[in-house]
Structure formats: C-alpha cells, structure tokens
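# Take this sequence and fold it.
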Amino acid sequence: MRIDPWQVPVFVMAGIILVELTIGTLLRSWGDGPAKTRARTVALGLLATLVLMILVMALGPSLADQLASVAAAVAGMVALWLTWRSYQATVTAGTPDPPRDAVPDQPTEDPHPTADAGGDGQPPGSA
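Residues are numbered from 1 along each chain as shown. Alright, predicted model coming up:
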C-alpha cells in the first residue's frame with residue numbers, strides 16, 4: 001500500500017482524534033489527581049514526537065537538518081536578547097538603599113543661613 005502526500009494530513013488528524021478520545025476517556029475515569037496531570041504531559045509529549053517525526057519524513061533529513069540549525073540559531077538569539085534585557089533591568093534598578101543604621105547621623109544644616117544673629121529671620125537693617 002502506497003500513501004500519497006495528500007493522505008498524510010488525513011491520517012495524522014485521524015490519529016490525533018483517536019489518541020485524544022482514548023486519553024480523554026481514561027482521564028475521565030481516573031478523576032483529578034497527579035496521575036491525570038502526568039498522563040496529559042505524556043500525551044502532549046507523544047503528540048509532539050509524532051508531529052516531529054512526520055515533519056522530518058515530509059521534509060527529508062537534509063532539509064529538516066537545515067531547519068533545525070536555523071531554529072537553534074533563532075533560539076540562541078532570543079536567549080541572548082532575554083539575557084541582555086534581564087541584565088539591563090538589574091542595572092537600571094540601581095543598588096538598594098543601605099540600611100538606616102549603616103548611615104552615620106549627620107547634623108542637618110540650613111542651606112541658606114541668615115546673617116542676622118538675632119534669630120528673627122529678618123535681614124539686618126529691615127526692622
């Protein structure tokens with residue numbers, strides 16, 4: 001039996017529907033719990049593996065290898081950009097304020113002292 005290229009999406013969709021129905025039935029009978037979460041994770045992994053295998057078969061090994069190299073380069077650039085953004089966020093945030101007990105108490109001085117020693121706040125000769 002020979003499979004034509006137009007039949008591949010039909011078989012893939014049929015396989016996904018059958019797997020989803022089977023897993024959905026099993027999960028409803030198990031109820032909630034960690035086994036249900038693990039089953040979903042395994043099912044998602046199996047479906048991803050199935051899609052990757054079909055992609056490699058459809059593209060051929062050489063083109064799939066080239067696409068994987070491009071995808072790895074893009075992922076590396078995204079990781080570099082995210083690292084740079086994270087670094088910039090820590091640099092622009094600055095250093096945290098030191099604890100209040102670490103700063104020595106200094107007397108506060110009036111930045112504009114009055115020349116009048118009388119303490120009434122008026123300049124000399126204006127009374």
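# avg pLDDT for the helix or strand harbouring Arg85?
Using DSSP states H and E, Arg85 sits in helix 61-93. Across helix 61-93, pLDDT averages out at 83.
# likewise stretch 44-56?
On average, stretch 44-56 scores 81.
# Quick check: the residue nearest the centre of the chain vs Gln88, distance?
Centroid-nearest residue in the chain, with C-alpha atoms, centre = their mean: Leu82, separated by 8.6 Å. Applying C-beta to C-beta, to the nearest Å, the value for Leu82 to Gln88 is 11 Å. Every C-beta, even on glycine, is put in place using the N, C-alpha and C of the backbone.
# ok, now Leu27?
Applying C-beta to C-beta to Leu27 and Gln88 gives a distance of 44 Å.
# higher neighbour count, those two?
Each of Leu27 and Gln88 has its neighbours counted (other C-beta atoms under 10 Å); Leu27 has more, 16 against 10.
# so which helix or strand takes in the nearest residue to the more buried one once chain neighbours are set aside?
Among residues not flanking Leu27 along the chain, Lys36 sits closest, at 5.3 Å (C-beta to C-beta, 6 or more residues apart in numbering). Using DSSP H and E, Lys36 sits within helix 34-59.
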